[in-house]
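Turn this into a model:
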Amino acid sequence: MTAVVFIHGTGVREPGFSALAGRVAAGLTALREGLRIVPYYWGDTHGATLAAGGASLPPEAGTTRGLNEAPAVVDTADDPTATWAALYADPYAELALAAAGAEPKGERPPGSPLPHQRLQTRLAALAAQGDTPAVELGPGLARAATDLAAHPLLAPAAEALTPDDLAVLAARGLAARIIADALDADTPLVPVGDTRDTVVDRIAEALGAPPRGSERGMRSLVLRVAGSAASRAAVRRRRALTQAAHPAAGDVLRYLSRGAGVRADLRTLVAGLEPPVVLVGHSLGGIIALDTLISEPLPQVRLLVTAGSQGPFLYESGSLPCLEHPAPLPPHVPDWLNLYDPRDLLGYLGAALFPGRVTDTAVDSRQPFPAAHSAYWTNPEVYRHIVDRLP
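As a prediction, the model looks like this:
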């Protein structure tokens, strides 16, 4: 029986690790029966913590953009992932642009319904269903639908859009809000773009839009805000991007300075398993697996799989703890499958650094960065590539 040891990446803690490990186990065993999935949870024992309760952290800066601030102009017509990147930074950016372009309306007949009231009714009905209509995206739909129904942008946006287009923009905003909240919480699971788009279509129809098969003719309004929204996203997630005290960054620095313990525990775990053993590591988990295999032979391990890993970059930059460039990969390191998403800025290539020893394989989640870095384990391509290489 092949044993697959799954090693998580930066910032992952319980209960997120159990959900992640369960998803990986389900994805692999659905394609091949008889696998033994062995989770290696190092975050609790070897992960970074704030020993003084966060005393080193400065207060968070405000991220609200002034109403009169002009949005940047960025053409993303050929790259829909850029549109989603902007929406993750500002889920209601499209509604804001529509509202800004609304023409003043004349007086209405007494008692006539306002254009946004029908959508408010549908949003309330959607919220009453809980999170079920968007369960693939994670929790938060009911709360987001309730908030949007009361949002001040809704009425002016409805003045500028047809009911169908308003429903589509609202659906995209709701999906973006759920995923943005997950990214802010450093969730280890983000759905791939196909799943996201399916959920958007489902929500849009629930809000009154025609089925996807009909021509909706709605182009993204968010193109003009991509630049400013991406900047706000970096500010909002600055702890993850720039501060060593955040688990996602702190875990990396702690490993690079004190990684012997996590490698020793992994060796002990592998030593107790019957061969063949496969190590599967995400992000920093891939670095841990690679370093452990380099440091001393583990004959039980027949395959190394890394996904979104920085191991090749650390090696080339002289920062990989157990192997300094240009030393070759030791012969006892097994076959290495390196999965990367071209949009994942934290995924690197190894084949050119270790010729004949690494197979770099691209997988496309159709998610922008940073969502692409957390979307490997919801991508069916990933599991197919792994299972195809299992001993």
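
for the stretch 151-300 of the chain, what spans make up the strands?
Secondary structure of the stretch 151-300 of the chain (DSSP state E, counting those that start in this stretch): strands at 277-282.

which ones are touching residue 363?
339-341, 376, 379, 381-382, 385 (CB atoms under 8 Å, 6 or more residues apart in numbering). From N, CA and C alone the C-beta is placed, and that goes for glycine too.

any idea how far it lies from residue 279?
For residue 363, the distance to residue 279 equals 18 Å [CB to CB, to the nearest Å].

Ok, residue 4 next?
In terms of CB to CB, residue 4 sits 8 Å off from residue 279.

Apart from its neighbours in sequence, what residue is nearest residue 146?
Spatially, and ignoring its direct neighbours in sequence, residue 146 is nearest to residue 127 (4.7 Å; CB to CB, 6 or more residues apart in numbering).

Counting neighbours, what do you get for the one you found?
Residues lying near residue 127 (other CB atoms under 10 Å) number 19.

Nearest residue to residue 297 in space, please, no chain neighbours.
The spatial neighbour of residue 297 that comes closest, neighbours along the chain excluded (CB to CB, 6+ apart), is residue 332 at 4.0 Å.

hang on, the one you found in a helix?
No: counting by DSSP: H, G, I helix; E, B strand; the rest coil, one finds residue 332 to be coil, located in no helix.

how about the residue lying closest to residue 329 once chain neighbours are set aside, what does it touch?
Counting by CB to CB, 6+ apart, residue 329 lies nearest to residue 354, which is 4.6 Å off, once chain neighbours are set aside. Residue 354 sits next to 328-329, 336 when contact means CB under 8 Å, 6+ apart.

and what of residue 141?
Contact analysis of residue 141 by CB under 8 Å, 6+ apart lists 126-127, 130-134, 174, 178, 203.

quick one: which of those sit in helices?
Of those, the ones assigned to helices by DSSP state H are 126-127, 174, 178, 203.

As TSV, those residues with pLDDT would be great.
Shown next, in TSV, are the ones in helices among the contacts of residue 141 (pLDDT from 0 to 100):
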residue	pLDDT
126	97
127	97
174	97
178	96
203	97
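
Which of these has the largest number of neighbours?
Most neighbours among the ones in helices among the contacts of residue 141, by other CB under 10 Å: residue 174, with 28 neighbours.

what's near enough to touch that residue?
By CB under 8 Å, 6+ apart, the residues touching residue 174 are 91, 134, 141, 144-145, 148, 203.

Scan those and report the most crowded one.
Counting by other CB under 10 Å, top hit in those: residue 134 with 29 neighbours.

so how far is residue 121 from that residue?
Noted for residue 134: a distance of 19 Å to residue 121, by CB to CB.

What count of nearby residues applies to the residue lying closest to residue 164 once chain neighbours are set aside?
Distances taken as CB to CB, 6+ apart put residue 209 closest to residue 164, at 5.0 Å, once the chain neighbours are dropped. Residues near residue 209, counting by other CB under 10 Å, number 24.

State the pLDDT value of residue 209.
Note on residue 209: pLDDT of 93.

hang on, it packs against residue 162?
No: counting by CB atoms under 8 Å, residue 209 does not reach residue 162; the two are 9.8 Å apart.

hmm, back to that, can I get the contacts of residue 354 in CSV with pLDDT and neighbour count?
As requested, the contacts of residue 354 are arranged in CSV below (pLDDT from 0 to 100; neighbours: other CB atoms under 10 Å):
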residue, pLDDT, neighbour count
328, 96, 12
329, 97, 19
336, 98, 25
